[in-house]
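>>> Here is the input, now give the coordinates:
(one chain, ligands or ions: 1)
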Amino acid sequence: MQAGKDRGNRASGIFVSFEGIDGSGKSTQARALADTLRRAGHEIVLTREPGGADGAEAIRRLLVEGDPDRWSPETEILLFNAARRDHLERTIQPALDAGRIVISDRFADSTRVYQGAARASLRPLVDQLHALVIGLEPDLTFVIDMDPGDALARGLARRSGEDRFEDLGLGFQQRLRAGFLELAAAEPDRMRVIDGARAMAEVSTGIAAQMQRWMAARAA
Ligand code: TMP
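Alright, predicted model coming up:
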């Protein structure tokens, strides 16, 4: 695979991502959509970032564990891009080439918001690196929107040992929420904001309906 904007050969695969602040319930929703689509007979690859391939999972541990100040914002951007490139080469692109539906729990929008806006104002660096080494956008992105106070309580309650970003606190999560909403407003075709405060089943039914409408429009 070449670096950069090599988006030519995506066959008939579909790339869907889920985004949102920590504890927003997006992982549960990604799994629910994967199950619904599998039941409807589709071949699904459910994956996540950082991670989704062996090397990327090793980089994940460097990113999500330890002291919040462990990496400078610039180093962090490089590590997320290294993990993403491995994920793209080994998991996402092969699945898209085989015509599968790839559902990723987070992708590049997380870097745009966490590293590009909330941690530091490094959006130009984030965008340049993305263009150079990734060059792929999801077809559809669901942003699970949720009050940061509620979401933070849920995220920290889990205490998974992967709390480096949760440990940055409520103000950080508020900046993240604003960042995701701003991104979604700028890209309404690709990004759909979903109210995550409702019952889990209600949220997943709404997402499945939007996905089905999107697939029907694409097939038409
Ligand atoms: P997760 O909790 O959704 O698995 O994600 C791990 C953490 O990594 C989460 O706090 C968000 C953060 N993250 C970034 O800061 N930038 C990124 O590009 C990605 C993919 C995740």
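
>>> who are the neighbours of the helix or strand encompassing A185, in terms of helices and strands?
For A185, the host element (DSSP states H and E) is helix 170-186. Packing contacts for helix 170-186, counted by 3 or more Cβ pairs under 8 Å, 6 or more residues apart in numbering; DSSP states H and E, involve strand 140-145, helix 148-158, strand 191-195. Bear in mind the C-beta positions are built from the backbone N, C-alpha and C, glycine included.

>>> Including mean neighbour count and distance to I134, could the ones you listed go into a markdown table?
Conversion of the helices and strands packed on helix 170-186 to a markdown table gives the following (neighbours: other Cβ atoms under 10 Å; distance: least, Cβ to Cβ, whole Å):
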| stretch | mean neighbour count | distance to I134 |
| --- | --- | --- |
| strand 140-145 | 23 | 15 |
| helix 148-158 | 16 | 26 |
| strand 191-195 | 18 | 17 |
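
>>> weakest of those by average pLDDT?
Ranked by mean pLDDT, the helices and strands packed on helix 170-186 end with helix 148-158 at the bottom, a mean of 75.

>>> Q29 reaches T205, doesn't it?
No. Using Cβ atoms under 8 Å, Q29 is not in contact with T205; the gap is 10.7 Å.

>>> Compare neighbour counts for the two and give me the winner.
For Q29 versus T205, the count of surrounding residues by other Cβ atoms under 10 Å is larger for Q29: 24 against 14.

>>> For that one, list the residues it contacts.
Residues near Q29 by Cβ atoms under 8 Å, 6 or more residues apart in numbering: F18, F142, I144, I194, G196, M200, V203, S204, I207.

>>> and it, that's in a strand?
No. In this structure, Q29 is helix, not part of a strand, as judged by DSSP: H, G, I helix; E, B strand; the rest coil.

>>> where's it relative to G196, distance?
8 Å (Cβ to Cβ, to the nearest Å).

>>> returning to that earlier point: can I get the helices and strands packed on helix 170-186 in JSON lines including distance to the ligand?
Converted to JSON lines, the helices and strands packed on helix 170-186 look like this (distance: least, Cβ to the nearest ligand atom, whole Å):
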{"stretch": "strand 140-145", "distance to the ligand": "11"}
{"stretch": "helix 148-158", "distance to the ligand": "8"}
{"stretch": "strand 191-195", "distance to the ligand": "15"}
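
>>> Go through the helix holding A185 and flag the buried ones.
F172, Q173, Q174, R175, L176, R177, G179, F180, L183, A184 (16 or more other Cβ atoms under 10 Å).

>>> hmm, back to that, which residues do Q29 and G196 both contact?
When contacts are counted by Cβ under 8 Å, 6+ apart, Q29 and G196 have I144, V203 as shared neighbours.

>>> list the helices and strands the strand or helix carrying P94 packs on?
Assigned by DSSP H and E, P94 belongs to helix 93-97. Helix 93-97 sits against no helix or strand, with contacts defined as 3+ Cβ pairs under 8 Å, 6+ apart.

>>> average pLDDT for it?
Mean pLDDT, helix 93-97: 98.

>>> so how far is that helix from its chain's centroid?
Helix 93-97 has its C-alpha centroid displaced from the chain centroid by 17 Å (Cα atoms, centre = their mean, to the nearest Å).
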